[in-house]
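**Q** could you look at this predicted model? Sequence included:
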Amino acid sequence: MSLADQFERAGIVAGAVLMVALPLSLALEALVGPQGPWWRLLAVLGPGFVVGWAAATDELPVSYSSVWFVCFLGYLLAVLGVRLLDLVPVGDHTGSVLGVLAVSFVVAVVADRFR
């Protein structure tokens, strides 16, 4: 494996960690509050590492661009929905924020299918 391929895989893992962390940070803040437990960072970054590793080794059933698109659009739609519905602070509206996040991701997945 060439050095360029190794850097590409490292970039895929790093990008997935960041993209998956966006919506997970909103969900975790709704569930445990802004001053969460010590494992909060692992809970936000760990799933992205797993997704990124699977994408870098071609073991993910979807493309890396789909992961990026769905996570980013889903997060933007969720933040917009939380702001429009005035669900701030999110810790006080846990169920509603998680519902908005779920609907946002359904919309993002449908948009990715038609992209």
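**A** Thanks, I have the structure now. Just so it is clear, the model here is predicted, and its values are computed rather than measured.

**Q** please count neighbours and contacts with C-alpha atoms only from this point.
**A** Will do.

**Q** contacts only, for residue 74.
**A** 23, 101, 104-108 (C-alpha atoms under 8 Å, 6 or more residues apart in numbering).

**Q** next, the buried residues of the strand or helix carrying it.
**A** Assigned by DSSP states H and E, residue 74 belongs to helix 64-84. Neighbour-count burial for helix 64-84, counted by 16 or more other C-alpha atoms under 10 Å, picks out 64, 67-79, 81-82.

**Q** tell me the gap between the helix or strand just after that helix and the middle of its chain.
**A** Using DSSP H and E, the helix or strand that follows helix 64-84 in sequence is helix 94-113. Relative to its chain's centre, helix 94-113 lies at 11 Å (C-alpha atoms, centre = their mean, to the nearest Å).

**Q** what's helix 94-113 packed up against?
**A** Contact analysis of helix 94-113 by 3 or more C-alpha pairs under 8 Å, 6 or more residues apart in numbering; DSSP states H and E lists helix 3-32, helix 64-84 as its packing neighbours.
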